[in-house]
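Q: Following is a predicted model, sequence given first.
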Amino acid sequence: MTLEKVPLGVPASVKDPVEASVTSVKGPPKGLTKDLANDSANDSANDSANDSAQGFAKEDAPEREVRGGAGATALEPPRYLGGRRRGPVASTAVRVLVPLLLLAAWWYGTASGAISSEILAGPGAVVGALGELVATGQLGDYLLASAQRAGLGVLVGGGLGLLLGVVAGLSALGEELVDPTMQMKRAVPFLALVPLFISWFGVEETFKVVLIAVAAASPMYAYTYLGVRGVDRKIVEAARGFGLTGTRLAFGVIIPTALPNILMALRICLSVSLTGLIAAEQIGATEGIGYLVTLAQQYYRTDYMVLCIVIYAVLGLLIDLAIRGVERVAMPWRGQVAAR
Amino acid sequence: MSVTSADTAVSIRGLRKAFGSKTVLDGIDLEIRRGEFFVLLGPSGTGKTTLLRILAGLELPDGGTVLAPRRRTTVYQEPRLVQARRVLANVILGLPRSAREAGLAALAEVGLEGHGGAWPATLSGGEAQRVALARALVRDPELLLLDEPFAALDALTRLQMQELVAELCERHRPAVVLVTHDVDEAVRLADRVVVLRHGSFAVEQPIDLPHPRDRNDPAFLAHRRLFLSHLGVATASH
């Protein structure tokens, strides 16, 4: 346990003046670098250069009271304060525990008759409904139709939000021009626009895509704006000094650096587009997962209602997984960073 | 206004700059020759970085004229690398793709050959600063602005970097403006040192010692003592 004693005082065992200076001098690091740079540190001709480092060591160390004495505490191995990591298997087990318990409760509740099928369809009925949809090929058609609407909407709305976010984040003029309007737009729930959009675009595809685009634009704008604002100004300043301006600055420096935020925005955009689908496909649609929700409601089929919830949950999970995959591919510099 | 001169790299007349009521540069006159290693020495907050930033075009002067070559580049205290781009892309940032070869050569010159494909976050502080140096070199500057580029490095790395910069400047001969508060660094590298205090030059001193300079040479120590005394730091005299 001798290691514990060193910081408490100048150890008596240290006699060599250079070593003493290293352990005890708190003065400028220059004194230290000189000793290292200069092999003949003990040569008397060099005294003036080494005055600060050597002068201190030459003096006798003053007698100082040592902390501890009668009230000293016992020595002990330092208690580890860092977090403990559970193994991947244990971690996954804990992760799926609550969903599995919920599933079991649902199963038992409906199978034992405690929950009437009028209130909630059992897992068997939901699987049956799924089988029906798959067998008729409707599930594939519905998913495809919805994916097209959501994809196009997110592409247009997200693209616009990205552009405006970069412009507002980059320039003061852009911020003044764009930000107030976008903040106002963000405050309006996009569902409030449904009646107006129907009167403008009818109930066909245009309406659906525009609604999803409008819904997706806001989160993309907000997160991109934050991300761009968060890019180190000093790096932007340096890049400008190297002649980067406009789109080259945006694509070469700003957008890659703000990419974590932009991908998070994309995740939210895709989630929002699912909400948008329910609203958009309630009206004037003959296929789509939003239409499925409407059907379930109209025919009061609790098995389809639950199936819709399951489909949405699975889609949400898939979106998460997909974005994680994109993050790994699009931001390779993050994976390589060791703890430094 | 422009001046073409075969041997002047920087020409400053009556430069003034104030932040609010605080005048940091008060009528500075300065000529720097081409190929000259000029060091601006001073305590923190004396305006030496402001002078450098004016030369870099990052601040506007309040008065006076400042002339500098268009081909100039800056190395800052922080490496300022784009974390999302690989090292080589950082070096040739803003240059056409055809600069790749030159970028690789510059990396080799700073001792980082083979690091072109690395991500900046995997580099040590000294390596990152060498990338910043390569990024400046590849532009073949007529004026190299160094804003305390060694200040954030550890003591040993700092010595190595000073040596590297001395060597590179010897080979490429740009005019250099180095801003620092490290007296040893100034005496080690400079052809001429100016101490900036209270908005003007307190002392101006050419340093005519052969390279590489011995820190224990009495002439080195004499310069060191002179600058320290002008910076208000007392040194033990023998």
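A: Thanks, I have the structure now. Numbers count the residues shown, from 1 in each chain, chains lettered A, B, ... in the order given.
Q: Contacts only, for B:Leu30.
A: B:Leu30 sits next to B:Val10, B:Ser11, B:Ile12, B:Leu15, B:Val194 when contact means C-beta atoms under 8 Å, 6 or more residues apart in numbering or on different chains. C-beta: built from backbone N, CA, C; applies to glycine.
Q: I'd like those laid out as JSON lines, including neighbour count.
A: Formatted as JSON lines, those follow (neighbours: other C-beta atoms under 10 Å in any protein chain shown):
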{"residue": "B:Val10", "neighbour count": "22"}
{"residue": "B:Ser11", "neighbour count": "15"}
{"residue": "B:Ile12", "neighbour count": "20"}
{"residue": "B:Leu15", "neighbour count": "23"}
{"residue": "B:Val194", "neighbour count": "22"}
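Q: which of the residues you listed sit farthest apart?
A: B:Ser11 and B:Val194 (15.1 Å; C-beta to C-beta).
Q: Now do the buried residues in stretch A:172-187.
A: Neighbour counts over stretch A:172-187 (16 or more other C-beta atoms under 10 Å in any protein chain shown) mark A:Gly174, A:Val178, A:Asp179, A:Met182 as buried.
Q: Next: stretch B:216-234.
A: Buried, per 16+ other C-beta under 10 Å, within stretch B:216-234: B:Asn216, B:Phe220, B:Leu221, B:His223, B:Arg224, B:Arg225, B:Leu226, B:Phe227, B:Leu228, B:His230, B:Leu231.
Q: which among those are in contact with chain A?
A: B:Asn216, B:Leu221 (C-beta under 8 Å from any C-beta of the partner chain).
Q: A:Ile254 versus A:Glu176, what's the distance?
A: Distance of A:Glu176 to A:Ile254, given as C-beta to C-beta, to the nearest Å: 19 Å.
Q: show me the contacts for the closest residue to A:Asn261 other than its chain neighbours.
A: Leaving aside its chain neighbours, A:Asn261 sits nearest to A:Gly227 (2.7 Å; criterion: C-beta to C-beta, 6 or more residues apart in numbering or on different chains). If you count contacts by C-beta under 8 Å, 6+ apart, A:Gly227 has them with A:Gly165, A:Gly169, A:Thr257, A:Ala258, A:Leu259, A:Pro260, A:Asn261, A:Ile262, A:Ala265.
Q: Give me the pLDDT value at A:Gly227.
A: For A:Gly227, the model assigns a pLDDT of 93.
Q: Could you look up the SS state of it?
A: Of the three states, A:Gly227 takes helix under DSSP: H, G, I helix; E, B strand; the rest coil.
Q: Please tell me how far it sits from chain B.
A: 12 Å (C-beta to the nearest C-beta, to the nearest Å).
Q: just A:Ile289 next, same as before
A: Relative to chain B, A:Ile289 is positioned 36 Å away (criterion: C-beta to the nearest C-beta).
Q: In which helix or strand does the closest residue to that residue other than its chain neighbours reside?
A: Nearest residue to A:Ile289, sequence neighbours excluded (C-beta to C-beta, 6+ apart): A:Ser146, at 4.7 Å. Element membership for A:Ser146 (DSSP states H and E) is helix A:138-170.
Q: now for that helix, which elements pack on it?
A: Secondary-structure packing of helix A:138-170 (3 or more C-beta pairs under 8 Å, 6 or more residues apart in numbering or on different chains; DSSP states H and E): helix A:123-136, helix A:172-187, helix A:205-230, helix A:255-280, helix A:289-298.
Q: which helix is the longest one in chain B?
A: In chain B, assigned by DSSP state H, the helix with the most residues is helix B:155-172.
Q: Residue nearest the middle of chain B, spatially speaking?
A: Chain B has B:Leu146 as the residue nearest its centroid, 2.2 Å off, counting by C-alpha atoms, centre = their mean.
Q: part of a strand, is it?
A: Yes: counting by three-state DSSP, B:Leu146 is part of a strand.
Q: That one: what's it in contact with?
A: For B:Leu146, the contacting residues are B:Thr74, B:Val75, B:Val165, B:Val176, B:Val177, B:Leu178, B:Val179, by C-beta under 8 Å, 6+ apart.
Q: Look up the pLDDT of it for me, please.
A: At B:Leu146, the model reports a pLDDT of 95.
Q: State the distance from A:Ser112 to chain B.
A: 56 Å.
Q: how many neighbours does that residue have?
A: Counted with other C-beta atoms under 10 Å in any protein chain shown, the neighbours of A:Ser112 add up to 9.
Q: and the chain, what are its domains?
A: Using chain A. Annotated domains of chain A cover A:1-37, A:121-332 [automatic domain parsing].
Q: ah, I was thinking of chain B
A: If you go by automatic domain parsing, chain B breaks into B:1-71+B:141-238, B:81-140.
Q: And the pLDDT at A:Phe242?
A: 89.
Q: Verify the contact between it and B:Ala136 for me.
A: No: contact criterion C-beta atoms under 8 Å: A:Phe242 and B:Ala136 do not qualify, at 9.2 Å.
Q: Which neighbours do those two have in common?
A: B:Thr73.
Q: quick one: B:Asp26 is in a strand?
A: Yes: with three-state DSSP as the criterion, B:Asp26 is located in a strand.
Q: tell me the contacts of A:Gln138?
A: A:Glu287.
Q: ok so, going back, please name whichever of the domains of chain B is nearest to A:Ser117.
A: Across those, A:Ser117 has its closest neighbour in domain B:81-140 (54.0 Å, C-beta to C-beta).
Q: For the closest one, measure first residue to last.
A: 19 Å (C-alpha to C-alpha, to the nearest Å).
Q: what about it, average pLDDT?
A: What domain B:81-140 shows for mean pLDDT is 92.
Q: Likewise for stretch A:186-193?
A: 91.
Q: contact partners of it?
A: Contacts of stretch A:186-193 (C-beta under 8 Å, 6+ apart): A:Leu211, A:Val214, A:Ala215, A:Ser218, A:Tyr221, A:Ala222, A:Gly276, A:Ala279.
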